[in-house]
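In: have a look at this fold, sequence not included:
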């Protein structure tokens, strides 16, 4: 069986970043560690806000892309018991769609909290296994992994709105905000009434996560 580092070494998670998560960080310049930084989209957003951001990735291919953008990251096995930086090195940690790739996400999260300065913050995004499309797939008797998305074949843990909160509370963190982000299917109505679409998205995502 291939070691975890071999599985991830050549993977490249490329996206536009997560502005909804990064916006929570605020504008006060901070030292931030993006744990599982992909190809650097969130690092770039953080840098644009004036923060000093460093990323960690297990993929050498991702690290090359990050460095090619003039951003900072290092290749590191996040599940290792050894930490890549001294304690209290950062004002904030970001775990954007990374903890679901861990067999023991609570252990990883608790360990990395040692890197936080006093009153430091953690920003976490997790995919929602109870998304309506995944519910439909289950009703149809299908539980199939994919290359990307909620059913990414490298996902080891799945969360709903309640268990996501439990994960954070288990490691002793105090939750300041907890909310859902997503789009309700509105078809052509979304393009015609964008403000209405955003209102529906916000209400449905938090009322029926």
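Out: Nice, I can see it. Worth saying up front: this structure is predicted, and the values here are computed from it rather than measured.
In: can we go C-alpha only for contacts and neighbour counts from here?
Out: Will do.
In: go through the lengthiest helix in the chain and flag the buried ones.
Out: Using DSSP state H, we find that the single longest helix of the chain is helix 194-207. Neighbour counts using 16 or more other Cα atoms under 10 Å place 197, 200, 201, 202, 203, 204, 205 of helix 194-207 among the buried residues.
In: relative to residue 105, which of the residues you listed is nearest.
Out: Of all these, residue 205 has the smallest distance to residue 105: 23.9 Å, by Cα to Cα.
In: can I get the buried residues of helix 194-207 in JSON lines with pLDDT?
Out: Listed next are the buried residues of helix 194-207 as JSON lines, based on pLDDT from 0 to 100:
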{"residue": "197", "pLDDT": "85"}
{"residue": "200", "pLDDT": "87"}
{"residue": "201", "pLDDT": "81"}
{"residue": "202", "pLDDT": "84"}
{"residue": "203", "pLDDT": "86"}
{"residue": "204", "pLDDT": "83"}
{"residue": "205", "pLDDT": "80"}
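In: which residues are contacting the longest helix of the chain?
Out: Helix 194-207 is contacted from outside by 179, 180, 181, 182, 183, 184, 186, 189, 190, using Cα atoms under 8 Å, 6 or more residues apart in numbering.
In: how many other residues sit next to the first one?
Out: Using other Cα atoms under 10 Å, residue 179 has 12 neighbouring residues.
In: from residue 172, how far out is it?
Out: Going from residue 179 to residue 172 by Cα to Cα, to the nearest Å gives 19 Å.
In: which neighbours does the longest strand along the chain have in its sheet, and in what orientation?
Out: The longest strand of the chain (DSSP state E) is strand 116-125. If you go by DSSP bridges, strand 116-125 pairs up with strand 90-96 (parallel).
In: flag every buried residue along the helix or strand just after the partner strand.
Out: Downstream of strand 90-96, the first helix or strand assigned by DSSP states H and E is helix 105-112. The neighbour-count check on helix 105-112 (16+ other Cα under 10 Å) flags 105, 106, 108, 109, 111, 112 as buried.
In: might one say that the last one is in contact with residue 83?
Out: Just to be clear, that refers to residue 112. Yes - using Cα atoms under 8 Å, residue 112 is in contact with residue 83, at 7.4 Å.
In: who touches both of those two?
Out: Counting by Cα under 8 Å, 6+ apart, nothing touches both residue 112 and residue 83.
In: for residue 37, which non-adjacent residue is closest in space?
Out: Nearest residue to residue 37 in three dimensions, chain neighbours excluded: residue 55, at 5.1 Å (Cα to Cα, 6 or more residues apart in numbering).
In: my read is that neighbour is in a strand, agree?
Out: Yes - counting by DSSP: H, G, I helix; E, B strand; the rest coil, residue 55 falls inside a strand.
In: tell me the spacing between it and residue 165.
Out: In terms of Cα to Cα, residue 55 sits 24 Å off from residue 165.
In: more neighbours: the two, which one.
Out: Remark: of residue 55 and residue 165, residue 55 carries more neighbours, 25 against 14, as counted by other Cα under 10 Å.
In: look at the more buried one and report its pLDDT.
Out: Note on residue 55: pLDDT of 97.
In: the one 10 residues further on now?
Out: pLDDT, residue 65: 94.
In: so which elements touch the one helix or strand it maps to?
Out: With secondary structure defined by DSSP H and E, residue 65 is part of helix 60-68. Contact here means 3 or more Cα pairs under 8 Å, 6 or more residues apart in numbering; DSSP states H and E; on that basis helix 60-68 packs against strand 72-75.
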